[in-house]
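> sequence below, structure please.
(one chain, ligands or ions: 1)
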Amino acid sequence: ALFKLENVEDLYEIGDLLGSGHFGQVREVRERATGILWAGKFLKLRKNASSRLGLERKSVEREVEILQALQHHNIMALRDVFESRAEVVLIVELISGGELFDFIAEKENLSENEAIEFIKQILQGVGFMHSKHIAHFDLKPENIMLSDKHVEHPHIKIIDFGLAQCLTPGEEYRSLCGTPQYIAPEVINYEPLSISADMWSIGVITYIMLSGMSPFQGDTDEETLRNIVGMNYEFEDLYFSQTSDMAKDFIQKLLLKDPNERMTAEECLLHPWIKPLTRKQAANRSRSSINMK
Ligand SMILES: Nc1cc2c(nn1)-c1ccccc1CC2
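Numbers count the residues shown, from 1 in each chain. Have a look, this model is predicted:
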């Protein structure tokens, strides 16, 4: 067995439901020995190979391995792992600020300065992941959480590495997983994937943060996928009239069909929208956000 065989309830008191999804449930847990609050991610294992319910043990082991390799303040930390016959429980840091998705929804859209604060942190977490050849492959506002949404400068944490892969340079990896609105064209065309698929998703997330609109979303998943492979998106004046040209340039350098042409996380952090080269550029950005508010 790779993980602890003790009963998780001997060491943690199980609390309220925090979230649930394809993977299972996430509950608040209290460590009995210290009283410290954590989150417990309860993953249902498949009974047998043919069943469609639950996760394959191999994919859970991969998520654990990847989380263990990623210690970074913008990535959800893993503390402990327990297993029983039917379930694996990840004990992870408690992130109680909710999803970035809900934060944006409450505000309609963010000012450019607010968006930049979040994008910078996402780029730092993703840049760290990519430096270890790990791709997330499911970056979207639902998988970016705020540690505490009531503070002036919320801290973000990237969660849910259920689709993440450690890419060995030279080895091809293909998959059709992900969430339609955010996946890159090469995923839809079932071409070899690389860490630059994450950079496309960051372009989509930035577009949504600034406008509240999703660039490729259609009425059906098929229409959304057609829009992505057709590069069918625009900066509609109705939503982007107040957005700076630098912000649009940043997005345009990520929503590129050729994965090799997209900016890397490092290049993004040096882009003038994120790292203003002059005080004038910074002033230009804040002026556009004042108009918006
Ligand atoms: N897929 C998800 C979803 C969630 C979480 N993890 N993975 C999570 C992690 C720590 C604290 C709270 C949560 C709830 C949402």
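> for P154, which non-adjacent residue is spatially closest?
Here the nearest residue to P154 in space, its sequence neighbours aside, is L146; by CB to CB, 6 or more residues apart in numbering that works out to 4.3 Å. C-betas here are computed from N, CA, C, even on glycine.
> who in this structure is up against the ligand?
18-19, 21, 23, 26, 39, 41, 76, 92, 94-95, 159-160 (CB under 6 Å from any ligand atom).
> how does it look with 8 Å?
With CB under 8 Å from any ligand atom as the criterion, the chain meets the ligand at residues 18-21, 23, 26, 28, 39, 41, 76, 92-96, 99, 142-143, 145, 157, 159-160, 162.
> from the stretch 101-250 of the chain, which residue is nearest to the ligand?
Among the residues of the stretch 101-250 of the chain, D160 lies closest to the ligand, at 3.5 Å counting by CB to the nearest ligand atom.
> wait, I meant the chain
When CB to the nearest ligand atom is the measure, the chain has its nearest residue to the ligand at G19, with 2.9 Å between them.
> what number of residues lie near the residue lying closest to E31 once chain neighbours are set aside?
Take E31 and drop its neighbours on the chain: the residue closest to it by CB to CB, 6+ apart is Y12, 5.7 Å away. Using other CB atoms under 10 Å, Y12 has 23 other residues around it.
> ok, S196 to E63 distance?
Note on S196: its distance to E63, by CB to CB, to the nearest Å, is 22 Å.
> ignore what I typed, I meant Q121.
Going from Q121 to E63 by CB to CB gives 22 Å.
> these two: which is more packed in?
E63 (23 against 19).
> where do the helices sit along the stretch 1-150 of the chain?
Secondary structure of the stretch 1-150 of the chain (DSSP state H, counting those that start in this stretch): helices at 8-11, 57-69, 100-107, 112-131.
> got the buried residues for the first one?
Which is helix 8-11. V8 (16 or more other CB atoms under 10 Å).
> and that helix, how far out from the chain's middle?
30 Å (CA atoms, centre = their mean, to the nearest Å).
> and for it, what's in contact with it?
Under the criterion CB atoms under 8 Å, 6 or more residues apart in numbering, residues 14, 29, 31-33, 40, 82, 89, 91 lie in contact with helix 8-11.
> hang on, the earlier thing: buried subset of the residues of the chain next to the ligand, written for PyMOL?
With 16+ other CB under 10 Å as the burial test, the buried ones among those are selected in PyMOL as follows:
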select buried, resi 18+19+23+26+28+39+41+76+92+93+94+95+99+142+143+145+157+159+160+162
